[in-house]
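Chemist: Next come a sequence and a model predicted from it.
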Amino acid sequence: MVGLAASGMVSCMPASSGTQYTDSAAYTDSTTAECKLTPEQDIAAARAVASSAANSALSVAALAYTATYSGVSYKVEITGVGIHGNTAQVGGKVTVKATQRSSGKPVSDTYSGTVNLVREGCGWQASGYTRG
């Protein structure tokens, strides 16, 4: 998405360059036992928090560019979750589509990144984002 990437609307790398995650969980303490979580439940919770954080950030970004682009839309896809004790990395990609107001030209591209999470109680909280 040359137009949107050049404008700074998206600050991520093309989807072809990125860390690939497969769903996995490795624990070094008893958190999941104390919380009565299976690894599958923990992975699902991490996936949900990362998806929500990405959608919230993209919603704000889309509003910021309405003067330059119309019909801004995006789709978040989670590609994998890696849990390592009390931290998790959730890999994914986002496809952004819009129309340049000045030319009427549609633009779109797909970008990859990782949402970093930290454990908060028995759940997860987004702590950052890494491009690519």
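Modeler: Happy to help now that I have it.

Chemist: Lowest average confidence across helices and strands of the protein, where is it?
Modeler: strand 13-14 (a mean of 32; mean pLDDT, DSSP states H and E).

Chemist: in the following helix or strand past it, what's buried?
Modeler: Toward the C-terminal end, the helix or strand that comes next after strand 13-14 (DSSP states H and E) is strand 24-26. For strand 24-26, the neighbour count (16 or more other CB atoms under 10 Å) marks Ala25 as buried. Every residue, glycine included, has its C-beta placed from N, CA and C.

Chemist: strands paired with strand 24-26, and their directions?
Modeler: Take DSSP bridges as the rule and strand 24-26 pairs in its sheet with strand 69-84 (parallel).

Chemist: So which other helices or strands are in contact with the very next helix or strand once past the strand it pairs with?
Modeler: Remark: after strand 69-84, the chain's next helix or strand is strand 87-100, criterion DSSP H and E. If contacts are counted by 3 or more CB pairs under 8 Å, 6 or more residues apart in numbering; DSSP states H and E, strand 87-100 sits against helix 2-7, helix 39-64, strand 69-84, strand 106-120.
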